[in-house]
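Q: output the structure for:
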Amino acid sequence: MKNTLITMTSITYALKAKAYLNNKRIYCEIEKTPKNIGSGCGYSIRIKDDPNYIISLLDSNNIPHKDFFEI
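A: Numbering: from 1, shown residues only. As a prediction, this is how the structure comes out:
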C-alpha cells in the first residue's frame with residue numbers, strides 16, 4: 001500500500017488530526033511537507049489508509065486540510 005501525505009492548514013490541525021486518527025487506531029504521522037508538493041503551513045500527515053476515507057473522517061470532525069499526494 002502506498003503512503004499518502006495530506007497537507008494541513010496549520011500545525012495545530014496536524015496535531016489534532018494525528019491525535020484523532022491515532023485514537024481510532026489509524027496510522028498517522030506528522031512531517032514537514034516537501035517543498036515540491038504543497039502549500040499551506042508546511043506540515044502534513046502521512047497515512048497508509050485510503051485517503052478518501054481519511055479525508056471524510058477529517059471533514060466530519062471539522063479538521064481543515066488542503067490536498068493529498070500519493071508518495
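Q: mean pLDDT per helix and strand in the chain: which one sits at the bottom?
A: strand 65-70 (a mean of 91; mean pLDDT, DSSP states H and E).
Q: state whether Asp49 is indeed within a helix.
A: No. Counting by DSSP: H, G, I helix; E, B strand; the rest coil, one finds Asp49 to be coil, located in no helix.
Q: buried stuff in the least confident helix or strand of the chain?
A: His65, Phe68, Phe69 (16 or more other C-beta atoms under 10 Å). Bear in mind the C-beta positions are built from the backbone N, C-alpha and C, glycine included.
Q: could you do stretch 29-36 as well?
A: In stretch 29-36, counting by 16+ other C-beta under 10 Å, buried: Thr33.
Q: got the CA positions of that stretch in PDB?
A: Backbone C-alpha positions of stretch 29-36 (Å, rounded to 0.1, in the frame of the first residue of the first chain) are rendered in PDB as follows:
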ATOM      1  CA  GLU A  29       2.500  10.700  11.500                       C
ATOM      2  CA  ILE A  30       3.200  14.400  11.200                       C
ATOM      3  CA  GLU A  31       6.100  15.500   8.900                       C
ATOM      4  CA  LYS A  32       7.300  18.600   7.100                       C
ATOM      5  CA  THR A  33       5.700  19.000   3.700                       C
ATOM      6  CA  PRO A  34       8.200  18.600   0.900                       C
ATOM      7  CA  LYS A  35       8.600  22.000  -0.800                       C
ATOM      8  CA  ASN A  36       7.800  20.500  -4.200                       C
END
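Q: output the below-cut-off pLDDT ranges for the protein.
A: Within the chain, the stretches with pLDDT under 70 are 1, 38-41.
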